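Student: no sequence on this one, just coordinates:
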């Protein structure tokens, strides 16, 4: 049985309020998103594309999705929070250090982060769940300094995309911090118990990588 | 179990606009049945009433419906409790009719703690709590957390109250106790403890 499901009408019959989605954007990079049901019944995807670029759009078929191993009540509550964040569209800085960032449950607004702190597409998902008290990963187990090359590349991309220089310099000081990969977050959403250990998250990430469709040619 | 009912064909003459009348009449009825109108629980009940009214009476006018509280008493008799005149009546204006079974015209809204909440109902509860928290009314939320009747609440409602107040837990001295009571209730009902994962 596959972990990842294609976004098809048939598969979405089993969708229930809240799930995670992922797609490959290059041979060694994936991007992840939250999928949630709105009050209207429509399915939407909420994801952090990059610096100050939060996307809240109808569900897109170029992703694959996983069922979140959460109780029905927790899925509903997370869906309600996603709808508020999506409506608010807070300006979320991109960064590797996510401490101090949390969402206001009523308005969907983001707390004012310290300069240089921010989220990635994967840590955005962790932050949304954390706002409701759900710790997906045993984050302390993640090794620091293991993804410096990737973080350097992201800094270059931020430059190319005209992120403010002071933010880039502040983010540079956090290089070497923990990185939570999209495959780890999406795979771990299917696991119990939580928080998911580093070892288990890696095992699930391997499965996700194996099942992910190749990059779609435009 | 307390439940709520609306008479689809009532011509009882209430005063006020339908919306405000609904709130006021309902508050009186909630009070009579032992539910504080300002409590979180009352917020849930009101939401259910509005959803039900919207479903069965799309174009409300003040003469077209009549809300009531129905309940099983200790002897397992089914009772309907409703306001005889208008919200300004004192308690003598309440009439307690004993019925063996509900009349066919009454649309019943279950208040069972087995019910599920819709996303909009969850949103209402979220707003109710966060409005108080954002206004700095920690003592009000504290009192609600202390007195709320968890045994009457659905799992959705319990989880919503616990998690929405989670971020303010350090300012809410009754929060941890609420979560413990909620956990005990969830276990007693045979539901998943995981509903409150990460909170204790």
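Tutor: Great, that's in hand. Quick caveat, the model's predicted, so the values are computed rather than measured.

Student: near chain B, which residues of chain A?
Tutor: Contacts of chain A with chain B, taken as Cβ under 8 Å from any Cβ of the partner chain, map to A:17, A:37-39, A:70-74, A:76-77, A:79-80, A:83-84, A:102, A:104-106, A:131-135, A:192, A:194. The way it works is simple: take the backbone N, C-alpha and C, and place the C-beta from them, glycine included.

Student: Show the buried residues in the residues you listed.
Tutor: A:17, A:37-38, A:70-74, A:76-77, A:79-80, A:83-84, A:102, A:104-106, A:131-134, A:194 (16 or more other Cβ atoms under 10 Å in any protein chain shown).

Student: measure the residue in chain B that chain A sits nearest to to residue A:124 for me?
Tutor: Going by Cβ to the nearest Cβ, chain A is nearest to residue B:130 of chain B, at 3.3 Å. According to Cβ to Cβ, to the nearest Å, residue B:130 and residue A:124 sit 21 Å apart.

Student: So for those two, which sits in the more crowded spot?
Tutor: residue A:124 (27 against 20; other Cβ atoms under 10 Å in any protein chain shown).

Student: Contact partners for the more buried one?
Tutor: Residue A:124 makes contacts with A:47, A:48, A:92, as judged by Cβ atoms under 8 Å, 6 or more residues apart in numbering or on different chains.

Student: now swap in residue A:170 and tell me
Tutor: A:95, A:115, A:116, A:117.

Student: Could you measure from it over to chain B?
Tutor: Note on residue A:170: its distance to chain B, by Cβ to the nearest Cβ, to the nearest Å, is 25 Å.

Student: Tell me the buried residues in the helix or strand that contains that residue?
Tutor: Here residue A:170 is covered by helix A:165-172, with elements defined by DSSP states H and E. Buried residues in helix A:165-172, counted by 16+ other Cβ under 10 Å: A:167, A:168, A:170, A:171.

Student: biggest separation within those residues, which pair?
Tutor: By the measure Cβ to Cβ, A:168 and A:170 form the most distant pair in these, at 7.4 Å.

Student: Could you check how many residues crowd around the closest residue to residue A:68 other than its chain neighbours?
Tutor: Nearest residue to residue A:68, sequence neighbours excluded (Cβ to Cβ, 6 or more residues apart in numbering or on different chains): residue A:189, at 4.7 Å. Each residue near residue A:189 was counted by other Cβ under 10 Å, and the total is 27.

Student: who are the neighbours in contact with residue A:189?
Tutor: A:19, A:20, A:66, A:68, A:69, A:70, A:125, A:136.

Student: re earlier: I'd like the next helix or strand past the helix holding residue A:170.
Tutor: helix A:182-188.

Student: Which SSE is immediately downstream of that following helix?
Tutor: Where DSSP H and E defines the elements, the next helix or strand beyond helix A:182-188 is helix A:198-211.

Student: So which elements touch that following helix?
Tutor: Packed against helix A:198-211, as judged by 3 or more Cβ pairs under 8 Å, 6 or more residues apart in numbering or on different chains; DSSP states H and E, are the following elements: helix A:182-188.
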